[in-house]
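Colleague: Return atomic coordinates for the entry below.
(one chain, ligands or ions: 1)
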Amino acid sequence: MSYFCKDFTLALMKVPALFRLGLLAVASAAALHCAAAHEPEEPDFTLVIDAGHGGKDQGCSGTTQKEKVICLDVAKRLGKLIANEMKDSVDVIYTRDGDYFVDLFRRAEIANEADADLFISIHVNSLDKRTKGRASVHGASVYTVGLHKSEANLSVAMRENAVIELEEDFTEVYQGFDPNSSESYIIFELGQNRNMEQSVDFAVMAQNQLTGTAGRADKGVRQAGFLVLWATRMPAVLVELDFICNPDAEKFLGSDAGRQKCAQALFNAFRQYRAKHNAPARRT
Ligand SMILES: [Zn+2]
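Modeller: Below is the predicted model of the structure:
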């Protein structure tokens, strides 16, 4: 049974126990944090960069661009920037480094197995083809996991979570979670605040950089029920760089300069986050 399955069973059947575990984890992580603060040398840091989609899962598409290609390119550019400046202190792990399919739970499992300190999932947004004004919508948003506060946030999570339908045995692996049913999303209300403070901290930094350095319009820091974030055990965010259904944004996301700006924005945010949290992040 995967970590994902264990988490899922806990959340569905043992909610009070999960809360108790969460409190214990936060308390012990706080103790670790205090101890590490007195260490003179820089601690090691593991960053997991998750390029959304891949292989048979194209993600969303514009007229010429595909989400899976943009995500991977920005992920690699971000990794390169980190390697240039922080090679000795930051270990970068990619959930995929080529055009192939990776199960959603496996992405989280890679980060959990590595005991990572931060998880950044990179995506591109789009509105449904029947939605009015889809050609004019634009802007970046950074998500942390939680219960959506609007239908718009829910629909983004539903679209991203729907990739599990491409996985074999997804009903078994995800314990009957239906990515298309709003009722399934109630689980995100429960016991998922272990790393919320640091996740939001990075999300705010990334959002500021995406609007500043990358010049994207500000669609805000948001919360929604993304399975991939929910299954991780460290601070985690999901970035929606811009809307591929907007021709101008698609052009930007398709260009070398645009992708480099997105990567630079995430790198600047990461550098800021590292400077602030120069001790290992909370772990469970
Ligand atoms: Zn996506």
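
Colleague: need the residues of the stretch 151-284 of the chain near the ion, please.
Modeller: Within the stretch 151-284 of the chain, the residues that sit near the ion (C-beta under 5 Å from the ion) are Glu160. Backbone N, C-alpha and C define where each C-beta goes, glycine included.

Colleague: any idea which element the residue of the stretch 151-284 of the chain found nearest the ion lies in?
Modeller: Across the stretch 151-284 of the chain, the shortest distance to the ion (C-beta to the ion) belongs to Glu160, at 4.8 Å. Glu160 belongs to helix 151-161 when assigned by DSSP states H and E.

Colleague: which of the residues in that helix are buried?
Modeller: Using 16 or more other C-beta atoms under 10 Å as the test for burial, helix 151-161 gives 153-161.

Colleague: One more: stretch 94-107?
Modeller: Those would be 94-96, 102-107, for stretch 94-107 by 16+ other C-beta under 10 Å.

Colleague: before we move on, what about stretch 110-121?
Modeller: Buried-residue list, stretch 110-121, by 16+ other C-beta under 10 Å: 110-112, 116-121.

Colleague: Any part of it near the ion?
Modeller: No: for stretch 110-121 and the ion, the contact criterion (C-beta under 5 Å from the ion) is not met; the two come no nearer than 8.3 Å.

Colleague: contacts for that stretch?
Modeller: 3, 45-50, 52, 78, 91, 93, 95, 107-108, 198, 202, 206, 226, 228-229, 231-239, 266, 270, 273, 280-281, 283 (C-beta atoms under 8 Å, 6 or more residues apart in numbering).

Colleague: Which members of those residues occur in helices, if any?
Modeller: 3, 78, 107-108, 198, 202, 206, 228-229, 266, 270, 273 (DSSP state H).

Colleague: Format those residues as a markdown table; extra columns: distance to Val173 and pLDDT.
Modeller: What follows is those, written out as a markdown table (distance: C-beta to C-beta, whole Å; pLDDT from 0 to 100):
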| residue | distance to Val173 | pLDDT |
| --- | --- | --- |
| Tyr3 | 11 | 45 |
| Leu78 | 29 | 98 |
| Arg107 | 13 | 98 |
| Ala108 | 12 | 97 |
| Gln198 | 28 | 95 |
| Phe202 | 28 | 98 |
| Ala206 | 29 | 98 |
| Val228 | 13 | 95 |
| Leu229 | 17 | 95 |
| Leu266 | 29 | 98 |
| Phe270 | 31 | 98 |
| Tyr273 | 31 | 97 |
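
Colleague: Filter those down to the buried ones.
Modeller: Applying 16+ other C-beta under 10 Å to the ones in helices among the contacts of stretch 110-121 flags 78, 107-108, 198, 202, 206, 228-229, 266, 270, 273 as buried.

Colleague: Going by distance to Ile244, which of those wins?
Modeller: Within those, the smallest distance to Ile244 is 17.8 Å, found for Leu266 (C-beta to C-beta).

Colleague: contacting residues for the closest one?
Modeller: 74, 78, 120, 122, 206, 209-210, 239.

Colleague: What sits closest to Glu67 if chain neighbours are left out?
Modeller: Gly59 (2.8 Å; C-beta to C-beta, 6 or more residues apart in numbering).

Colleague: Next: Val102.
Modeller: Per C-beta to C-beta, 6+ apart, closest to Val102 is Arg96, 4.9 Å.
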